[in-house]
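K.L.:
I would like to see how this sequence folds:
(one chain, ligands or ions: 4)
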Amino acid sequence: MMESGVPVCHTCGEHVGLNVNGEPFVACHECNFPICKSCFEYDLKEGRKACLRCGSPYDENLLDDVEKATGDQSTMAAHLNKSQDVGIHARHISSVSTLDSEMAEDNGNSIWKNRVESWKEKKNKKKKPATTKVEREAEIPPEQQMEDKPAPDASQPLSTIIPIPKSRLAPYRTVIIMRLIILGLFFHYRVTNPVDSAFGLWLTSVICEIWFAFSWVLDQFPKWYPVNRETYIDRLSARYEREGEPDELAAVDFFVSTVDPLKEPPLITANTVLSILALDYPVDKVSCYISDDGAAMLTFESLVETADFARKWVPFCKKFSIEPRAPEFYFSQKIDYLKDKVQPSFVKERRAMKRDYEEYKIRINALVAKAQKTPDEGWTMQDGTSWPGNNPRDHPGMIQVFLGYSGARDIEGNELPRLVYVSREKRPGYQHHKKAGAENALVRVSAVLTNAPFILNLDCDHYVNNSKAVREAMCFLMDPQVGRDVCYVQFPQRFDGIDRSDRYANRNTVFFDVNMKGLDGIQGPVYVGTGCVFNRQALYGYGPPSMPSFPKSSSSSCSCCCPGKKEPKDPSELYRDAKREELDAAIFNLREIDNYDEYERSMLISQTSFEKTFGLSSVFIESTLMENGGVAESANPSTLIKEAIHVISCGYEEKTAWGKEIGWIYGSVTEDILTGFKMHCRGWRSIYCMPLRPAFKGSAPINLSDRLHQVLRWALGSVEIFLSRHCPLWYGFGGGRLKWLQRLAYINTIVYPFTSLPLIAYCSLPAICLLTGKFIIPTVMNASNPCLFLVFNIIYIHCFTFSNLMISSQTWQVFSFLAFSFPLS
Ligand SMILES: O=c1ccn([C@@H]2O[C@H](COP(=O)(O)OP(=O)(O)O[C@H]3O[C@H](CO)[C@@H](O)[C@H](O)[C@H]3O)[C@@H](O)[C@H]2O)c(=O)[nH]1
Ligand SMILES: [Mn+2]
Ligand SMILES: [Zn+2]
Ligand SMILES: [Zn+2]
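P.N.:
Residues are numbered from 1 along each chain as shown. Ligands and ions are numbered 1, 2, ... in the order given. This next block holds a predicted model:
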């Protein structure tokens, strides 16, 4: 063991070691930046002779020593490095496509021309699989490679339900029933024994108790049928990634939403992006869309840097199958990173990567530092033009495509996933609907540009922690039996950096490990806003394919979205989706009218009344007709980027069904609950997927003020839903597709904030009793009936534990203390 005074190398995490005099090794005497001798020598070999932190040249003596050893190499490397650098900086694109910037449009068009050409090329070449067999083998951890597993059978199901053993479930249910009976007895006693001397107090307490009991019922019964699931990603591979055939995994569009780079650090957003780009999934099936609601040049510039850094990071991740693929979190892991690694080059390359990441981080931090103070004349891009988003509340839509087919390749020459920066248009006088609006803009942009059949959405502070997460989701979505009626696959939310006692109850263990599993046994987990893979068709407001269709209502433009008022009479019609037929007909029409010109075509499409639902973009409408995704061949490539700008304009959603029936639903700050609820009402089911290695991880608010604001926001969001037309107490009964236990769960999520009122009343009762000397329970029972005391307390405790209100262990103890001490007084 070395002495604890020796600092740890910033690059490799080892102790820096001692020099000949027995003092800690120091490379930079200016700032004492901790770096060990091997990393230092490595840096010199790579031609970096200045300190990473302060930029001052390294100690001359040290330099000489090392250079003697390494000879001329370093100068060569330095030279190479420089020329590479120039290349990198020249590639920094500083123009953005906006509606009113001609130059940018040209740029966009050429990008798109290239891209479309490469699509065509690809089609001709019949797509070589994105990852070759050899590569994929390298990605499998060695211990799995050595085992001679029987080849997975592609015909077997991709997932199974693991029922919870009866022996565990039965006692659990018995307890629920027993508590219910005891509750009944308790209320019988309470109601039939009013306290005449303190009638007001008694009445208040009984009302509160009834509310607590009611919310307990709401919370308990949706947990009646919990299920676990298991996935088989090897079978998924066997089925859809057969050797010598094109890869058939479905494409996925990734959405990352961000607003304010000063509150949501660009480095964290960048890590999210990097973890998506480095996913273990065919690169041509991955596109990452970043929505920037703050129209911040900082976000844009950090994305430019990130796209560049991804060129090194992605091949590194894939080569050594590292986890997680977000560099910040990978490098800060406190585990033996050499475990399971067989390639001899790993240590060296990891060191180089760490160094590269540090440099990248410094560039990002510099950008952040620069962005702290906005210049008076607003921001100017690298090419001298003024940043279009200088007024975040009044700016044109902006789109920039990075990487992808026509963009830069990684340092090994392989293709990278597409990365698209999107900032929707904002104008005064137009509602932007916060996150829901941003996601809907992304739905449309992605439909125009890539149109993947599945959409994964993440908050900017949630990175991919398990690079196989998407494959896990595909085990459900691509399974012909299971996937048909699945609107989304939700992963649990997990967090980094929460203290041991989880002081602010960020983890929400009961919710994510019990409630959600329970819902999975009914109609599926609720959507929690992040870490969720959607079926694009479900977002478009359609019902599930295997459900009977809703009757077409003549008044409505969109028959699928309005719960039917009467059941369809003809049983032969029962299992057909009216909307789908309409779509098929429309596709047929489109094929036939290939020869028509643009105008006539758009006229024909508009006849189908899609425009009233989806808005005035024929390209977008065409894309919705492609049930298996992909961009319409007939689409004119030069219009794509223009169209993408069109669909993010602020007036696009006016007089359409966006936010009302389709996409993310508006009307509540907890848009997630509402969006999932609408889908369940249409008869879809959702799936809860909990891989062993958590799929996504986020950062949770870890100070009291932020957390309180968040809880308050959620509570207000629930109240908003309660007061809206989407209130689960009465919405969607017509269709009869929402299972009643599922409805109970949704009712629970919107009425829980009201519990705070009886809670306050009930907690102040003991004080009032003490002051007035009156009591809410007839005094006769004080000592004579300990049983009732027990019951009383059990109920009291339940009322608190169920609650989604922020109840940390400490406050909980205070409450139960109150509960116990008060009858004894
Ligand atoms: O105008 C806006 C406001 C927010 N966001 C994004 O929305 C996400 C969530 O916002 P945040 O402030 O982090 O809210 P939280 O309370 O932390 O988020 C939780 O609660 C939200 C509301 O229920 C869900 O949408 C989130 O997924 C869930 O993580 C972030 O990525 C933001 O960048 C936008 O894109 N545009
Ligand atoms: Mn958040
Ligand atoms: Zn080191
Ligand atoms: Zn220094």
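K.L.:
going forward, measure contacts between C-alpha atoms and count neighbours the same way
P.N.:
Will do.
K.L.:
near ligand 4, which residues of the protein?
P.N.:
Residues of the chain lying close to ligand 4 (CA under 5 Å from the ion) are Cys28, Glu30, Cys31, Cys51, Cys54.
K.L.:
neighbours around the fourth one, how many?
P.N.:
Read that as Cys51. As a burial measure, Cys51 scores 21 neighbours (other CA atoms under 10 Å).
K.L.:
now Lys37, nearest residue through space, not along the chain?
P.N.:
Spatial nearest neighbour of Lys37, chain neighbours left out: Val16 (6.6 Å); criterion: CA to CA, 6 or more residues apart in numbering.
K.L.:
who's in contact with the one you found?
P.N.:
By CA atoms under 8 Å, 6 or more residues apart in numbering, the contact set of Val16 is Val6, Pro7, Val8, Cys9, Pro24, Phe25, Pro34, Ile35, Cys36, Lys37.
K.L.:
can you list those residues in a markdown table and add neighbour count, pLDDT and distance to Cys487?
P.N.:
Converted to a markdown table, the contacts of Val16 look like this (neighbours: other CA atoms under 10 Å; pLDDT from 0 to 100; distance: CA to CA, whole Å):
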| residue | neighbour count | pLDDT | distance to Cys487 |
| --- | --- | --- | --- |
| Val6 | 15 | 72 | 55 |
| Pro7 | 20 | 76 | 52 |
| Val8 | 17 | 77 | 49 |
| Cys9 | 20 | 77 | 48 |
| Pro24 | 17 | 80 | 58 |
| Phe25 | 21 | 82 | 58 |
| Pro34 | 22 | 80 | 51 |
| Ile35 | 26 | 81 | 50 |
| Cys36 | 25 | 80 | 52 |
| Lys37 | 20 | 81 | 54 |
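K.L.:
keep only those of those residues that are in strands.
P.N.:
In strands, judged by DSSP state E, none of the contacts of Val16 are found.
K.L.:
let me know the closest of those to ligand 4.
P.N.:
Ligand 4 lies nearest to Pro34 out of those, by CA to the ion, at 8.9 Å.
K.L.:
can you give me the end-to-end distance of stretch 17-25?
P.N.:
6 Å (CA to CA, to the nearest Å).
K.L.:
report the buried residues of it.
P.N.:
Using 16 or more other CA atoms under 10 Å as the test for burial, stretch 17-25 gives Gly17, Pro24, Phe25.
K.L.:
now the residues you listed as JSON lines including distance to ligand 3?
P.N.:
Below are the buried residues of stretch 17-25 laid out as JSON lines (distance: CA to the ion, whole Å):
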{"residue": "Gly17", "distance to ligand 3": "9"}
{"residue": "Pro24", "distance to ligand 3": "13"}
{"residue": "Phe25", "distance to ligand 3": "11"}
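K.L.:
on that earlier part again, just curious, which of the contacts of Val16 is nearest to Pro417?
P.N.:
Of all the contacts of Val16, Pro417 sits closest to Cys9, with 33.2 Å by CA to CA.
K.L.:
residues in contact with the closest one?
P.N.:
For Cys9, the contacting residues are His15, Val16, Pro34, Ile35, Cys36, by CA under 8 Å, 6+ apart.
K.L.:
near ligand 1, list only the ones from those residues.
P.N.:
Among those, not one lies near ligand 1 by CA under 6 Å from any ligand atom.
K.L.:
from those residues, which ones fall inside helices?
P.N.:
Within these, no residue falls in helices by DSSP state H.
K.L.:
could you pick out which of those residues are near ligand 3?
P.N.:
Contacts with ligand 3 within the contacts of Cys9, counted by CA under 5 Å from the ion: Cys36.
K.L.:
nearest to ligand 3 among the contacts of Cys9?
P.N.:
Each of these was scored against ligand 3 by CA to the ion, and Cys36 proved nearest at 4.1 Å.
K.L.:
residue contacts, the closest one?
P.N.:
Counting by CA under 8 Å, 6+ apart, Cys36 has contacts Val8, Cys9, Thr11, Cys12, Glu14, His15, Val16, Gly17, Phe25, Val26.
K.L.:
need the contact partners of stretch 738-753.
P.N.:
Here stretch 738-753 has contacts from 215, 218-219, 221-222, 519, 522-523, 677, 680-683, 715-716, 718-719, 721-722, 728-729, 732, 803-805, using CA under 8 Å, 6+ apart.
K.L.:
just the closest residue of the stretch 201-350 of the chain to ligand 4, please.
P.N.:
Phe331 (21.2 Å).
K.L.:
from Pro24, how far off is Arg53?
P.N.:
Noted for Arg53: a distance of 18 Å to Pro24, by CA to CA.
K.L.:
ok, now Gly384?
P.N.:
From Gly384 across to Pro24, the span is 47 Å (CA to CA).
K.L.:
report the next helix or strand after the helix or strand harbouring Ala473 in sequence order.
P.N.:
Taking DSSP states H and E as the criterion, Ala473 maps to helix 469-477. Along the chain past helix 469-477, the next helix or strand (assigned with DSSP H and E) turns out to be strand 486-490.
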